[in-house]
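J.: how does the following fold in three dimensions:
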Amino acid sequence: MYHLTTENQLENEDYSKRIEAFYASGKNGFFTGKANIDIYYKTFIQTEDRTQAIHISSGRTEAAIKYKELVFDLYQNGYSVYIHDHRGQGLSGRMTKDRDMGYVDTFQFYVDDMKQFYEGWIVPNKHEKVFLMAHSMGGAIGMTYLEQYPFDYKSAAFSSPMLGLPSGTCGAVKLLVTKEPKYAIGNHKYNDEAVSFKRNQLTGSEIRYNRMNQAFRAEPTARLGGATYQWVHKSCEQFEYLNSHISNIQTPFILFSAEHEQIVEPKAHERFVEKAKVLGKICEAYLVEGAQHELLIEEDEQRMETINQMLQFFEKY
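T.: Predicted coordinates for the structure are as follows:
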């Protein structure tokens, strides 16, 4: 239904160069977020029809450079696109001496940065409709945003949102968290050898997985390693906030879960949507069969299904 890139096209060198050239053409810069942290952003504004725009909220460890293909596709379908790197990752400023540490001091600051970007860079362009597209950790940030600012977006789409972590994680972290940033058990500095496709639990698309890692190899300062106990603890606290403020949401949203999810807790999706529906919220739940966590860089069938449904949902509002 929409102009979406295929894996075969990505294998074509000339086509890949088109994506790279388009991404390079976007405007970028920094603004100062909460607690004086520099926040990196990139914008792709339609030259003629600026009616519709999409704001992307990315996941943990991610950066705008991961989303080159998606940004390209959304722009080809008539949307202006805005994306910023969350504090502590990508090209944004870090809060620890070890740049590889996945850390956040205050989860609310993610939301505050997002609001600042929205007001300072999206609102001035006077789009008639602005939509939110959020993935994983960006989903927890984005859903909090909807609870605090219920009228900024016309509608929102969530890809594998982090509304909960695997069973037992939050309870264990309460006992292990310390004042000083420390890698959570099983987490460590970024390691190129640990990102082979065969070991990955994110996507079945080898070419998209490899493109993502190539982007980070080309921009090593954007890479991020494992999560700290502090980041996990702050995230767990945010789940409690999210589930206790659903009544504030006024934005219609659609939530996508992957059938073979191994990163976030799918049951948290079910609980959240069920409660939202009881409260009379306009929302839909969608299960993507055969998919892993990274719905937006999955194999063609799952990726196209997800993006098609997202854009159809946006068209309703």
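
J.: for this structure, which segments count as strands?
T.: Using DSSP state E, the strands of the chain run over residues 27-32, 38-44, 52-57, 80-84, 129-135, 156-159, 253-258, 283-288.

J.: got those strands as CSV, with distance to D300 columns?
T.: Backbone N, C-alpha and C define where each C-beta goes, glycine included. Putting the strands of the chain into CSV (distance: least, C-beta to C-beta, whole Å) gives the following:
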stretch, distance to D300
strand 27-32, 29
strand 38-44, 23
strand 52-57, 20
strand 80-84, 21
strand 129-135, 18
strand 156-159, 16
strand 253-258, 15
strand 283-288, 12
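
J.: which one of the ones you listed is the most hemmed in?
T.: Greatest average neighbour count among these goes to strand 156-159 (a mean of 30), per mean count of other C-beta atoms under 10 Å.

J.: returning to what we had before: G93 is nearest to which of the strands of the chain?
T.: strand 38-44 (4.1 Å; C-beta to C-beta).

J.: so how far is that closest one off the chain centroid?
T.: Distance of strand 38-44 from the chain centroid (C-alpha atoms, centre = their mean, to the nearest Å) equals 14 Å.

J.: now the angle from that strand to strand 52-57?
T.: Angle between the axes of strand 38-44 and strand 52-57 is 150 degrees (criterion: axes from the mean of the first three to the mean of the last three C-alpha atoms, to 10 degrees).

J.: picking that back up, just put the strands of the chain in TSV and tack on mean pLDDT and distance to R217.
T.: TSV is the format used below for those (pLDDT from 0 to 100; distance: least, C-beta to C-beta, whole Å):
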stretch	mean pLDDT	distance to R217
strand 27-32	98	20
strand 38-44	98	18
strand 52-57	98	22
strand 80-84	98	20
strand 129-135	98	21
strand 156-159	98	24
strand 253-258	98	26
strand 283-288	98	28
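
J.: of those strands, which is nearest Q116?
T.: Taking these one by one with C-beta to C-beta, strand 27-32 is closest: 6.5 Å.

J.: and stretch 301-313, what's buried?
T.: Residues of stretch 301-313 classed as buried by neighbour count (16 or more other C-beta atoms under 10 Å): Q302, R303, M304, E305, T306, I307, Q309, M310, L311, F313.

J.: taking the centroid of this protein, which residue is nearest it?
T.: S58 (2.2 Å; C-alpha atoms, centre = their mean).

J.: I figured it hits L132, correct?
T.: No. S58 is beyond contact range of L132, at 11.9 Å (criterion: C-beta atoms under 8 Å).

J.: any chance you could list what contacts stretch 137-153?
T.: 55-60, 62, 86, 107-108, 110-111, 114-115, 118, 130-132, 134, 156, 158-163, 235, 238-239, 241-242, 245-246, 248-251, 253, 272 (C-beta atoms under 8 Å, 6 or more residues apart in numbering).

J.: among these, which ones are in helices?
T.: Judged by DSSP state H, helices contain the following of the contacts of stretch 137-153: Q108, Y110, V111, M114, K115, S235, Q238, F239, Y241, L242, F272.

J.: closest one to Y286 out of these, please.
T.: Using C-beta to C-beta, the ones in helices among the contacts of stretch 137-153 come closest to Y286 at F272, 13.4 Å.

J.: just the pLDDT for the closest one.
T.: F272 carries a pLDDT value of 98.

J.: with the one 10 residues further on instead?
T.: At I282 the predicted local distance difference test score is 98.

J.: tell me which residues touch it, please.
T.: P252, F253.

J.: any idea how far it lies from A156?
T.: Relative to A156, I282 is positioned 11 Å away (C-beta to C-beta, to the nearest Å).

J.: between the two, what contacts are shared?
T.: P252, F253.

J.: pretty sure Y229 is touching V173, no?
T.: Yes. Contact criterion C-beta under 8 Å: Y229 and V173 qualify, at 5.7 Å.

J.: overlap in contacts of the two?
T.: A184.

J.: list the contacts for the residue nearest to P166 when sequence neighbours are not counted?
T.: Nearest in space to P166, with sequence neighbours left out and distances taken as C-beta to C-beta, 6 or more residues apart in numbering, is E265 at 5.8 Å. By C-beta under 8 Å, 6+ apart, E265 lies in contact with L163, G164, L165, P166, S167.

J.: kindly recompute the last result at 10 Å.
T.: M162, L163, G164, L165, P166, S167, T169, C170, F239, S257, R271 (C-beta atoms under 10 Å, 6 or more residues apart in numbering).
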